[in-house]
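Trainee: Predicted coordinates and the sequence they were generated for:
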Amino acid sequence: GPGRKPLIAGNWKCHLNHFEAIALVQKIAFALPEKYFDKVDVTVLVPFTDIRSVQSLVDGDKLLITYGAQDISEHDSGAYTGEISGAFLEKLGCTYAVVGHSERRTLHGETNEVVLAKTKAALRHGLTPIVCVGEGLEVREAAEHVEFNVKQVTESLAGLSAEEIGKSVIAYEPVWAIGTGRVASANDAQEVCAAIREAVAEIADEATADGIRILYGGSVNAKNIAEIVNERDVDGALVGGASLKADEFAQLSAIA
Ligand code: PEP
């Protein structure tokens, strides 16, 4: 959208060990000349066990690509076996942390309340939360998708200051479009992203709503990215499957 630098974020999900991670980031960097980074921010959201390796590569070769985590603990430290805190991610140079991805909401029971706590944890540690929302097919078919997403955004950001909201990214990812090959139409993406921006104006203010980046996610690839990011309120994409292919991910980053 106008005045907002697009963000292309590759969500690797549970794919690629640290060795494979290095190879993919190298290939992406090779395929994406530095000049593109004036126009687009590019990040990879990798498994926790890849972060250290990706950090070494990015720092060592002074790459302009950034990286982040796919989840974050709501706690900073303590008796929380298996959790990874924002303090650790900050120390590893992460820029982003995904919160409330639909797979975590569905498979790990994350509620808007949990997503809010994780969003706060990211912000406490200087990480940019990528807060995910999105309706399932039944909600879409009942034509309740706008209200549904506005409620998820409002509850997932409840009580945050305008300044905090302004430091966040929101990703609209309709569940029926994730990993299905069934991309939302550009109009559908725009409708919900515009409604989310209005909701941000309500809970924060107009300036925050104007500045915040709202991404679309769900079966984005190098063929459909142009149409989607052409929409006024869509400021980039969260990319799953297509982010595992260096050439395609670089290509769609260059198009955005
Ligand atoms: C995602 O995992 O956030 C996603 C959008 O996946 P895909 O691009 O594979 O639909």
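Mentor: Done, it's in. Remember, it's a predicted structure, so these values are computed and weren't measured experimentally. Numbers count the residues shown, from 1 in each chain.

Trainee: For the protein, just list every one of the strands.
Mentor: All strands of the chain, identified by DSSP state E, fall at 7-11, 41-46, 66-69, 96-99, 128-133, 169-172, 213-217, 236-239.

Trainee: which one of those is the most hemmed in?
Mentor: Comparing these by mean neighbour count (mean count of other C-beta atoms under 10 Å), strand 236-239 ranks first with a mean of 28. To be clear about C-beta, it is placed using only N, CA and C from the backbone, and glycine gets the same treatment.

Trainee: so what does that strand touch, helix or strand wise?
Mentor: strand 7-11, strand 213-217, helix 225-229, helix 246-255 (3 or more C-beta pairs under 8 Å, 6 or more residues apart in numbering; DSSP states H and E).

Trainee: Could I get these in CSV, plus columns for distance to the ligand and mean pLDDT?
Mentor: Shown next, in CSV, are these (distance: least, C-beta to the nearest ligand atom, whole Å; pLDDT from 0 to 100):
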stretch, distance to the ligand, mean pLDDT
strand 7-11, 4, 98
strand 213-217, 4, 98
helix 225-229, 11, 97
helix 246-255, 10, 96
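
Trainee: Smallest distance to the ligand belongs to which residue of this structure?
Mentor: residue 240 (2.1 Å; C-beta to the nearest ligand atom).

Trainee: tell me the contacts of that residue?
Mentor: Counting by C-beta atoms under 8 Å, 6 or more residues apart in numbering, residue 240 makes contact with 11, 13, 178-179, 217.

Trainee: Quick check: residues of the stretch 101-250 of the chain near the ligand?
Mentor: 173, 178-179, 217-220, 238-242 (C-beta under 6 Å from any ligand atom).

Trainee: so which of the residues you listed comes closest to residue 227?
Mentor: Distance to residue 227 across these (C-beta to C-beta) is lowest for residue 220, with 10.2 Å.
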